[in-house]
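> Structure of the sequence below:
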Amino acid sequence: MSYALECKAELMTIKRSNEENKALLLGMILSGAETIGERIIFSSTNEDIMNYYAFLMKRVYRLEGEVNEAMIQSKSFLKSYENHLVLSEDIFNELEIENNGVFKHEIRSNQKMASAYLCGAFLARGSVNDPNSSKYHFEITLNETHNAVFVQKLMNDYEFNAKIVKRRNKLVVYVKEAEIIVDILRLMGANKNAFHYEDIRIERDFNNSINRVINCEVANEQKSLSAAREQLRYIKYMEYNYPLEKIDPKILTLMKVRQDNPEASLVELIKILAEDYGEVISKPGLSHRFAKIKSLAVDHYNNKGKK
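You can find the predicted model right below:
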């Protein structure tokens, strides 16, 4: 079972009030159903979700729809379930659905109703990536612009920073921030999976942080070794080509210390100079001396070529 289906399975176990169930049904219908006149056709490739929809319709409105099975073609053949219901005008008005899909519930002002509606939309056409995957992603796909905008506004009432993108003639309301996805799962009531998501996210982010630190240390070490090799090349040139008696004694000392410690970092060289030679120097000061060695070597080489 995918992580998204695990979340949906948890959401279908929650006990809700009759009004909350109506809000949930509204979310399912306006996300996953077609309304043709007084007929509602709800479809799903998941039999459990279809059974849950039928259960709520029967419990809340005492309606039993005709369920048909069909095969839909994609990369593989999937079984699709359709539930056909004919609603009376009273129930249509109670659900507050009109032919154009406009709804009038004051869902946004009530957190429990908002939770139920969002849960219904997610059950019908929602998905969430496994936290172990390469990307964090939560989305709900809708057919109508006004429904997508409503879901976006509903989510952003809770500062979820939801965005909308068009994908193959559908509108997708999505979130990519891991912390927000955890909050969405909690709002809907999928607490068990929210805790699981958070645990995986923390572990993953911790491991990524460790890897970044290690990579940074490796990069710094490689950079340090590359700089040391360059310093040694200039020192070797100076030894064989430059009159050493004309070199400042402190520069000579540094040349010897670097040759004796070819892989040492600047910090390590500073420590050696202090302990073995009693000389206190800063990193900028040490870098300046190496720059001086380079300058002497380059100038000598250039002047030699002119003679």
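
> Mind naming the longest helix for the protein?
The longest helix of the chain (DSSP state H) is helix 191-241.

> the helices in the protein, which residues?
With DSSP H as the criterion, the chain has helices spanning 3-11, 18-32, 47-61, 89-95, 111-125, 145-156, 178-188, 191-241, 249-260, 266-277, 283-306.

> Can you work out which other helices and strands pack against the longest one?
Contact partners of helix 191-241 among helices and strands, from 3 or more CB pairs under 8 Å, 6 or more residues apart in numbering; DSSP states H and E: helix 3-11, helix 178-188, helix 249-260, helix 283-306. (Each C-beta comes from the backbone N, C-alpha and C, glycine too.)

> Show me what the shortest one is in contact with.
What that stands for is helix 3-11. Helix 3-11 is contacted from outside by 1, 46, 48-49, 119, 122-123, 126-131, 185, 188-193, using CB atoms under 8 Å, 6 or more residues apart in numbering.

> Show the buried residues in those.
46, 49, 119, 122-123, 126-129, 131, 185, 188-190, 193 (16 or more other CB atoms under 10 Å).

> thinking again about what came up before, among the helices of the chain, which one carries the weakest average confidence?
Comparing mean pLDDT across the helices of the chain, the weakest is helix 89-95, with a mean of 62.

> Among the buried ones among the contacts of helix 3-11, which one lies nearest to Leu244?
Pro131 (63.5 Å; CB to CB).

> Grab the nearest non-local neighbour of the closest one.
Distances taken as CB to CB, 6 or more residues apart in numbering put Ile200 closest to Pro131, at 3.8 Å, once the chain neighbours are dropped.

> That neighbour against Ser133, yeah?
No. Ile200 lies out of contact with Ser133 (CB atoms under 8 Å); the separation is 9.9 Å.

> Please say which of these two ends up with more neighbours.
Higher neighbour count among Ile200 and Ser133: Ile200, with 16 against 11, using other CB atoms under 10 Å.

> Mind splitting the protein into its structural domains?
The record's domain parsing of the chain by automatic domain parsing lists 3-189, 223-306.

> I'd like to know which of the helices and strands packed on helix 191-241 is closest to Arg204.
helix 178-188 (8.5 Å).

> Check the offset of the closest one from the chain's centre.
Centroid separation between helix 178-188 and its chain, computed with CA atoms, centre = their mean, to the nearest Å, is 12 Å.

> Would you mind pulling the contact partners of it?
Outside helix 178-188, the residues that touch it by CB under 8 Å, 6+ apart are 7, 11, 111, 114-115, 118-119, 122, 128, 131, 136-138, 155, 158, 160-161, 175, 191, 193-194, 197-198, 201, 205.

> Compute the inter-axis angle for it and helix 3-11.
30 degrees (axes from the mean of the first three to the mean of the last three CA atoms, to 10 degrees).

> In helix 178-188, which residues are buried?
For helix 178-188, by 16+ other CB under 10 Å, it's 178, 180-188.
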